[in-house]
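Participant: Provide a 3D model corresponding to the input given below.
(chains A and B)
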Protein chains: 2
Amino acid sequence: MMLNFFDEIKNELRIVEDELKLAVRSSDPLLTETSTHLINAGGKRLRPAFCLLGGKFYNFNLDKLIPLAVALELIHMATLVHDDVVDSSLTRRGIPTVKAKWGNRISTHIGDYLLGKSLILISRYENPLIPKVLADTSVKMCEGEIIQITTSYNTDQTIRDYFYRINRKTALLISASCQLGAVACGAPAPLHQSLRRFGHHIGMAFQITDDILDMTAEQIKLGKPVGGDLQQGIITLPTIYALQHSSERQKLHELITKPNKAEEEINEAIALITACGGIDYSAEMARKYIVKAKKELSRLPDVPVKKTMQIIADFIAIRKF
Amino acid sequence: MMLNFFDEIKNELRIVEDELKLAVRSSDPLLTETSTHLINAGGKRLRPAFCLLGGKFYNFNLDKLIPLAVALELIHMATLVHDDVVDSSLTRRGIPTVKAKWGNRISTHIGDYLLGKSLILISRYENPLIPKVLADTSVKMCEGEIIQITTSYNTDQTIRDYFYRINRKTALLISASCQLGAVACGAPAPLHQSLRRFGHHIGMAFQITDDILDMTAEQIKLGKPVGGDLQQGIITLPTIYALQHSSERQKLHELITKPNKAEEEINEAIALITACGGIDYSAEMARKYIVKAKKELSRLPDVPVKKTMQIIADFIAIRKF
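Facilitator: Residues are numbered from 1 along each chain as shown, chains lettered A, B, ... in the order given. Okay, here's the model as predicted:
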């Protein structure tokens, strides 16, 4: 899926796509097959795109950006594959994934393989900031995943807990993508640090919107069952807000903490969350992050890519997929 | 477990142990608990030891060695945790592991977390050879794991296939440990490349011996059920030899390819493998690698640590645990 505001970097993204396929090739046929399956399954390639766009703020150098852009997508793909690893008790509503097709063991090793390939690409960079930021990000991403598992079905979570978690789970890698694209092109610290902050705000808005869409999107557009988070006990911003503000808090609490919810129960929970303003509140939060992102943009040099970044910022919070 | 030929680096290994514990601490209590559980479960700390000993061949500098030694053990631990991730159909004979205690999902993320922490340590090194070798090694280790899974129960494997696989699975990281210890201390290429070859031979002998012990050790010393490889369909050197040389090839083939073997069947297979010389042949192969290792050692400068390396080489192939 190519988003049209990526027109500016259309050709570069095609190169990333080709390089991604080259990067995962192995003498082992299963590794090549599974990795290629993952690449062909598509994705928005947001992280490579932000990396390339970040580079446009300084001395854009495609050769220096490509390995990094590919590495960022490989890291993202590895986390997706590892997220697919589940315990057997949780496979009931499973959808076709690498895990479903090849099992947990293979999924685990493929994720490690993709991470290893990203390391090979990253180890080419001489600027120590690139491996440093990515190492730090990967550790924090694991923390985010673990927190998501350990706090599932926990209705005591605060909005602050939620922001802490989605920063680790999502925003940090998007933030690193924006920043390191500029770093790879030799940008000075004030510039790449500003891009890092921009990426943080965009990443937060992106995940909040993701969590809204999980409740409001049509299943066909979402590509997975609506209410998936609620089914897995993942408590997101609309739910946290509703648990504090719904006039039917008791009922909502019961529904949310129930394992193996029926479809009607999921729909009832979503209706309660929506009725008390949980969705509207969350959309407002996403918009606030977009405002922050655009404010950060205003501090960046007036280069043509700035306009593209503004359009992307606006899109992030209103997207329907 | 402290092996007494590590006396020379006893104090340094204690520091590694402390630094390992520090390295895995997280603001998330579960991550700290599970990682600390893994560290306290022990291990020979072979990779940090080889790294430190490698450094003794040049300008030994503990400050430069410690992060690397810790990173090597973290990478090793991560592969162990990820090996614990299994499909539910394979848990029947499972022994208590992180996976048994916390489940597949947590195991996957903890492995990633340990890898991420190792990256943070590695990213401190300015010499690009260190991340390069480790990235390459980690990719090949995944290939080894995948090959082990995809070739399980495959009786067509050759001895060459076996060597290819155990090089990836085991020897490469031991080899990297020996080499990079010297690299971290600034050793010139001929020296650290010689140590890399030494480590390769030692690593191969180590894994062959491991595979022999899986059939011959007492369960109590092994710490896991005897014949575990046969039970999981992993076909190792003694088995490959026996499939080619046993007078009861047909019977052996039947036993080996049978899923869910009874204990008597495992014992019968081991008896057939031993009777035709599969164990003796494998022990001879391990000894040949030790001879190669010691030949490589003879090319290294005459420093006191050389004697220690010789003793370790001799021990590797005669060890009973």
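
Participant: going forward, measure contacts between C-alpha atoms and count neighbours the same way
Facilitator: OK.

Participant: Low-confidence ranges, chain A, go.
Facilitator: Applying pLDDT under 70 to chain A picks out residues A:1-3, A:86-101, A:219-224, A:321.

Participant: Contact residues of it facing chain B?
Facilitator: A:28, A:30-31, A:82-83, A:85-88, A:103-106, A:108-110, A:112-114, A:116-117, A:119-120, A:123-124, A:126, A:128, A:131-132, A:135-136, A:138-139, A:142-143, A:145-147, A:149 (CA under 8 Å from any CA of the partner chain).

Participant: The residue sitting nearest the centre point of chain A in helix, strand or coil?
Facilitator: Geometric centre of chain A, nearest residue: A:T170, 4.3 Å, by CA atoms, centre = their mean. Under DSSP: H, G, I helix; E, B strand; the rest coil, the three-state class of A:T170 is helix.

Participant: OK, contacts around it?
Facilitator: Applying CA atoms under 8 Å, 6 or more residues apart in numbering or on different chains, we find A:T170 in contact with A:141, A:203-204, A:207.

Participant: Turn those into TSV, columns for secondary structure.
Facilitator: As requested, the contacts of A:T170 are exported to TSV (three-state DSSP):
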residue	secondary structure
A:M141	helix
A:G203	helix
A:M204	helix
A:Q207	helix
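
Participant: Just the buried ones out of these, please.
Facilitator: Buried members of the contacts of A:T170, counted by 16 or more other CA atoms under 10 Å in any protein chain shown: A:141, A:203-204, A:207.

Participant: from the residues you listed, which is closest to chain B?
Facilitator: Closest approach to chain B among the buried ones among the contacts of A:T170 (CA to the nearest CA): A:M141, at 8.4 Å.

Participant: Do I have it right that that closest one meets A:K169?
Facilitator: Yes - A:M141 lies in contact with A:K169 (CA atoms under 8 Å); the separation is 5.0 Å.

Participant: before we move on, the earlier item: just the buried subset of the residues of chain A next to chain B, please.
Facilitator: Here, 16+ other CA under 10 Å leaves A:30-31, A:82-83, A:85-87, A:103-106, A:108-110, A:112-114, A:116-117, A:119-120, A:123-124, A:131-132, A:135-136, A:138-139, A:142-143, A:145-147, A:149 buried among the residues of chain A next to chain B.

Participant: mind listing which of these are in strands?
Facilitator: In strands, judged by DSSP state E, none of these are found.

Participant: Buried residues in stretch A:261-279, which are they?
Facilitator: Neighbour count says stretch A:261-279 has A:261, A:265-267, A:269-270, A:272-274, A:276-279 buried, by 16+ other CA under 10 Å.

Participant: now, which of these sits nearest A:G199?
Facilitator: A:I279 (23.3 Å; CA to CA).

Participant: contacting residues for that closest one?
Facilitator: A:I279 neighbours (CA under 8 Å, 6+ apart): A:212, A:238, A:273.

Participant: repeat that with 6 Å
Facilitator: With contact taken as CA atoms under 6 Å, 6 or more residues apart in numbering or on different chains, A:I279 is in contact with A:P238.

Participant: Just the element for it, please.
Facilitator: Element membership for A:I279, per DSSP states H and E: helix A:278-298.

Participant: Just the buried positions in the following helix or strand past that helix, please.
Facilitator: Moving toward the C-terminus from helix A:278-298, the next helix or strand (DSSP H and E) is helix A:305-318. Under the neighbour-count criterion of 16+ other CA under 10 Å, helix A:305-318 has A:305-306, A:308-310, A:312-314, A:316-317 buried.

Participant: What of stretch A:32-44?
Facilitator: Buried residues in stretch A:32-44, defined by neighbour count with 16+ other CA under 10 Å: A:32, A:34-36, A:38-39.

Participant: Out of those, name the ones that lie in helices.
Facilitator: Among the buried residues of stretch A:32-44, the ones falling in helices (DSSP state H) are A:32, A:34-36, A:38-39.

Participant: now, which of the residues you listed sits nearest A:R249?
Facilitator: Using CA to CA, those come closest to A:R249 at A:L38, 40.9 Å.

Participant: dump the residue contacts of that closest one.
Facilitator: Applying CA under 6 Å, 6+ apart, no residues qualify as near A:L38.

Participant: Please tell me how far it sits from A:P225.
Facilitator: From A:L38 across to A:P225, the span is 20 Å (CA to CA, to the nearest Å).

Participant: Adding distance to B:L297 as columns, could you present the buried residues of stretch A:32-44 in TSV?
Facilitator: Shown next, in TSV, are these (distance: CA to CA, whole Å):
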residue	distance to B:L297
A:T32	38
A:T34	41
A:S35	40
A:T36	43
A:L38	45
A:I39	45
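
Participant: Break down the stretch 151-300 of chain A into its strands, ranges please.
Facilitator: In order along the chain, the stretch 151-300 of chain A carries no strands (DSSP state E, counting those that start in this stretch).

Participant: what about A:Y58, which SS state?
Facilitator: Looking at A:Y58 with three-state DSSP, the answer is coil.

Participant: count of neighbours near it?
Facilitator: 20 (other CA atoms under 10 Å in any protein chain shown).

Participant: and it, how far is that from chain B?
Facilitator: Computed with CA to the nearest CA, to the nearest Å, the distance linking A:Y58 and chain B is 25 Å.

Participant: Quick check: closest non-adjacent residue to that residue.
Facilitator: A:A187 (5.8 Å; CA to CA, 6 or more residues apart in numbering or on different chains).

Participant: what number of residues lie near the one you found?
Facilitator: 20.

Participant: go on, A:K10?
Facilitator: Applying other CA under 10 Å, we find 15 residues neighbouring A:K10.

Participant: Can you say which helix or strand has it in it?
Facilitator: Assigning secondary structure by DSSP H and E places A:K10 in helix A:10-23.

Participant: How far off centre is that helix?
Facilitator: Remark: helix A:10-23 is offset 20 Å from the chain centroid, using CA atoms, centre = their mean, to the nearest Å.
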